[in-house]
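Visitor: just coords:
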C-alpha cells in the first residue's frame, strides 16, 4: 500500500528513490475496494462472495410478489406491498451508501493517479515504465468504476420505479381495503337493521296475538254470560219450581218411609201380642252400620242366656233362608252381604222355637257406595285397626295396626313389621263379626289362610263396611269370592 505524504518532494531531494523491482506480479486484475476509516485511514473492504447484487434481490422479491399475488387476500396483499415498499426503501438506502462509497473510490483513484503522475516525472528507466503501467491500470479501474456507477444508476432508477409501483400498489390496496371495509360495514348495518325490523315485527305480532286472544276470551265470556242471562230470563221460575218440588217430594218420601216402617213394626207387635209364643222382638235400626238386638217383651219370657239363638238371612225374592255361621248371640251387626235381605233369628227355649225378624230388607248406608268406588281407584288402601282376637284367642295389645287392602293381596302390619300378608285365595275368608258386643258393628273377621285368623276393630262402622266391600270387590276381580264361614248354605223354610 502506497501512502502519499506532503513531504514527498523534500524526501526525493534528500535521498535517491530506490529502484522498483522488475518482477512485480499483481494478484488481481482490478484495483481493490477501499474506504476512508477513522482518522482518515484508508481501509480495504473485503467483499462477501455470497452477497447478492441489488438487481438480483429486486428480481427475487418481484418474482415472489407476483407468485403470491393470486392467492393473497386484499389485506394480505396490502401488507405485502407495505413490506415490499420498506424493502425498496432499504435498497434505496443501500444504493445511496454505495453511491457515497463510489464517490470515495473516485476521490482515491484521482489522488492515486495524481501521485503516480508526480512520481512519473521524478523517475526514469524501468521504474518509469512501471509507474506508467500503474497509471494505465488506475485509468482502467476508473473506467470500470464508471461503468459500475452506470449500472448502479440504472439499478437505482429501477429500484425507484419498483418503489413507486409498490407505493402506488400499496395505496391502491389500502383504498380497496377501505372500500371493502366500508362495503361490509354497510352490509352489517343493513343486516342489523333487518334483524331489528324482524324483531320489532315479531314483538308487534306477539302483542297483537295476545290482545286478540284476550279479546276473544272476553267476547266468549260475554257471550256465555249473555246466554245464561237469556236462559234465566226465559226459564228461571220453571227450574226453581221443579227443584223445590223435588226437595219437597224427597222429604215427604222419607217421612212416608218412616211412617211405613213404624206401622209395620206396630202391626208385627200387634200380631205378636195375639200369639202367646211371641214374647221377643228385634230392636235397632234396620240399616247397614247399626246392630240388631233381641229383647224380651214379657216377664214370662225365658232368659236369653238360657236359650239357643241362630241368625239367618232371608232372600227377598224366593224366601230362602241362609244360615249365618257363628251368629249365635242376641246381638248381630248387619254386614254388606245382608243389604237387600231380611234377617231372622230363631230362639229355642224349652224345645220351642220362637222366630223374630226384621220388618223389611236391610237398607244400605248413605254415601258408602260412592266412597268405596273412590277407594277402588287407589292401588292400596290403608285402615287403622286394633287386633282384638288372633286365632280365636283374645289379644290384649292395644297397639295400632295398619290393615292394607290392595289389588292383589291383603296385609296386616305393626309399624315396619308384617304380621300377615296373603294374596286373594279360596281359603281366605272375610265377613263382619258375628258375635255380641256393642262394638260388633265396627269389627270384622279375617282368615288370611287356614290356621291364621284375626278379629279387627276399626275406627268407625263406615270404615269397617268400606273395608269389607272393597276387599270383596278387588277379590272378585281376581275371580275369588270372599265370604264368611259356611256362607251361602241354604236351609228349608220352617
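Guide: All right, it came through fine. All values derive from a computational prediction rather than experimental measurement.

Visitor: going by C-alpha atoms from here, please, whenever you check contacts or count neighbours.
Guide: Fine.

Visitor: for the spatially most central residue of the chain, what are its contacts?
Guide: Nearest to the mean C-alpha position of the chain, counting by Cα atoms, centre = their mean, stands residue 206 at 26.3 Å. By Cα atoms under 8 Å, 6 or more residues apart in numbering, the contact list for residue 206 is empty.

Visitor: torsion angles phi and psi at it?
Guide: Per-residue torsions, residue 206: phi -60, psi -40 (degrees, to the nearest 10).

Visitor: same question for residue 434, what's its three-state structure.
Guide: Here residue 434 takes the coil state, with states given by DSSP: H, G, I helix; E, B strand; the rest coil.

Visitor: repeat for residue 312
Guide: strand.

Visitor: I'd assumed residue 324 was in contact with it.
Guide: Yes: under the criterion of Cα atoms under 8 Å, residue 312 makes contact with residue 324 at 5.4 Å.

Visitor: how about the helices in the chain?
Guide: With DSSP state H, the ranges of helices along the chain come out as 8-14, 54-68, 74-120, 126-234, 236-274, 368-376, 461-477.

Visitor: which of these sits most buried?
Guide: Mean neighbour count (mean count of other Cα atoms under 10 Å) peaks for helix 461-477 among the helices of the chain, with a mean of 21.

Visitor: counting neighbours, what do you get for residue 310?
Guide: If you count neighbours by other Cα atoms under 10 Å, residue 310 ends up with 18.

Visitor: chain neighbours aside, what residue packs nearest to it?
Guide: Closest residue to residue 310 apart from its sequence neighbours, by Cα to Cα, 6 or more residues apart in numbering: residue 328 at 4.8 Å.

Visitor: pull up the gap between the one you found and residue 309, please.
Guide: Distance of residue 328 to residue 309, given as Cα to Cα, to the nearest Å: 5 Å.

Visitor: neighbour count winner among these two?
Guide: Neighbour count, other Cα under 10 Å: between residue 328 and residue 309, residue 309 has more, with 21 against 18.

Visitor: what residues are up against that one?
Guide: 327-330, 345-348.

Visitor: how close does residue 364 get to residue 337?
Guide: Distance, residue 364 to residue 337, using Cα to Cα: 10 Å.

Visitor: could you do residue 190 as well?
Guide: Distance of residue 190 to residue 337, given as Cα to Cα: 85 Å.

Visitor: ok, residue 155 next?
Guide: Counting by Cα to Cα - residue 155 and residue 337 are separated by 127 Å.

Visitor: now swap in residue 148 and tell me
Guide: Distance of residue 148 to residue 337, given as Cα to Cα: 136 Å.

Visitor: do the same with residue 361
Guide: For residue 361, the distance to residue 337 (Cα to Cα) stands at 12 Å.

Visitor: got it, and residue 151?
Guide: Here residue 151 is placed at a distance of 133 Å from residue 337 (Cα to Cα).

Visitor: neighbours of the nearest residue to residue 298 once chain neighbours are set aside, how many?
Guide: Nearest residue to residue 298 in three dimensions, chain neighbours excluded: residue 279, at 5.5 Å (Cα to Cα, 6+ apart). With neighbours defined by other Cα under 10 Å, the count for residue 279 comes to 20.

Visitor: show me where pLDDT drops low in the stretch 101-250 of the chain?
Guide: Counting by pLDDT under 70, the low-confidence segments of the stretch 101-250 of the chain come to 101-106, 119-125, 231-240.

Visitor: in this protein, which strand has the most residues?
Guide: strand 380-390 (DSSP state E).

Visitor: give me the helices and strands touching that strand, please.
Guide: strand 400-406, strand 452-458 (3 or more Cα pairs under 8 Å, 6 or more residues apart in numbering; DSSP states H and E).

Visitor: of all the ones you listed, which one is nearest residue 144?
Guide: Closest of these to residue 144 is strand 400-406, at 122.1 Å (criterion: Cα to Cα).

Visitor: so for that closest one, mean pLDDT?
Guide: On average, the pLDDT along strand 400-406 is 95.

Visitor: show me the strands paired with that strand, marking each as parallel or antiparallel.
Guide: Here strand 400-406 has these sheet partners by DSSP bridges: strand 380-390 (antiparallel), strand 409-414 (antiparallel).

Visitor: perfect, that will be all.
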